[in-house]
Structures are given as C-alpha cells and as structure tokens.
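S.K.: Fold the following and give me the result.
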Amino acid sequence: MKRFISIALITSFAAVFALTFTTAGIANDQVSVGGPAPEFELPDQDGQLHSLEDYRDQWVVLYFYPKDETPGCTTEACEFRDNIFAYRELNAQILGVSLDDVASHKAFAENHSLPFPLLADSDGEASTAYGVKTRMFGMKVAKRQTFIIRPDGSIAKHYQKVDPDSHSAQVLADLKSLTAET
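M.R.: Residues are numbered from 1 along each chain as shown. Purely as a prediction, here's the structure:
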C-alpha cells in the first residue's frame, strides 16, 4: 500500500510539474528573424505609453522576463543597466517587458536604478504577439526571451535561451556586429 501511495504521489507531482511549464496558447509563427516585429503600445513604470513606432529610427533591445524582483530577472535587468552607455553609443533603446503592473515596475526600477523603460504587459497581448506568454507555477508570465529589432522595425535576432548573468554582454556584442553591417 505504501508503495502504491508513493508511486501515485510521484506520478501526480510529475503531472503537475509538466503542466507548470506549458505554453499558454500557441506560439506566434509569424514572429521570425527578418520579419516585422509586432507592434505594441504599453505603459512604462511611470505610466507613459510606449509603442514600437516610437523607436523607428533606432535599434531596440526588447527583452521579456517573467517577474519583477526575482533573482534572475534582477540580475538580467542590472546587467542591461550596467551596459547602458554602450547601448546608447549604438543608438539602441532597451525595453524590458513583463506581465507585472505599472506599480510593480516602478518599485523594481527604483530599487535597482534602472535607466530604461519597463513596460507593463498586464493583459499579455504583447507577450502573446511575440510568442513568449506561458504559465509557470500556475501564473501567467513571459518567457525570458529577447528580440533585437532593427530601426526599420524588422527582427534582427531572437534569443530563445537566455543566461541572465551574460545575456547583456552577448546582446551588446551581437548588436555591435549588426550595426557594423549597416
């Protein structure tokens, strides 16, 4: 009987764990390198609206992340912060996006002196358009993924696997290569 209960518990745990990391909806097949980046209009940590169109004459590093004030998300944001002057030299705007609300973004930005907009995708529409909306531990979040968007609005690079510790340096190196090509 104990063995049966143990097997049942393990099976149940495995099923719950598998469901925890399933994607909410189908990924958008239209988001691809070389194709147009989906438009959006989202408020930042100060309530100011931002759209992709606002950045049409510069490079955009659009990074999606799961949750404000979590260890990986904080590391990633602070790495972008620490390289902000190098991004500005390349005429690149960093935009962070999560499903957290404006108030959460405001506190996160202030706590870590983040000098770039954090966009509140509270309804998940932008995350869905970019194919990054998912469920994690029963919560709807954005997957940790990044898009480099050209000044013409097309996607130059898509990072599906992101290491928060080294991601900003990787994006910066790739952005330098991309801007040298133009």
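
S.K.: so where is the chain shaky, pLDDT-wise?
M.R.: Regions of the chain meeting the criterion pLDDT under 70 cover residues 1-30.

S.K.: I'd guessed Asp46 sits against Glu110; true?
M.R.: No: counting by C-beta atoms under 8 Å, Asp46 stays clear of Glu110, with 10.5 Å between them. In short, each C-beta sits where N, CA and C put it, glycine included.

S.K.: now for the helix or strand harbouring Arg135, which elements pack on it?
M.R.: Using DSSP states H and E, Arg135 falls within strand 133-136. Counting contacts by 3 or more C-beta pairs under 8 Å, 6 or more residues apart in numbering; DSSP states H and E, strand 133-136 packs against helix 2-20, strand 139-142.

S.K.: change it to 10 Å
M.R.: helix 2-20, helix 125-129, strand 139-142 (3 or more C-beta pairs under 10 Å, 6 or more residues apart in numbering; DSSP states H and E).

S.K.: Could you look up the SS state of Ala103?
M.R.: At Ala103 the chain is in helix, as set by DSSP: H, G, I helix; E, B strand; the rest coil.

S.K.: swap in Gly72?
M.R.: Under three-state DSSP, Gly72 comes out as helix.

S.K.: State the distance from it to Thr182.
M.R.: Applying C-beta to C-beta, to the nearest Å, the value for Gly72 to Thr182 is 32 Å.
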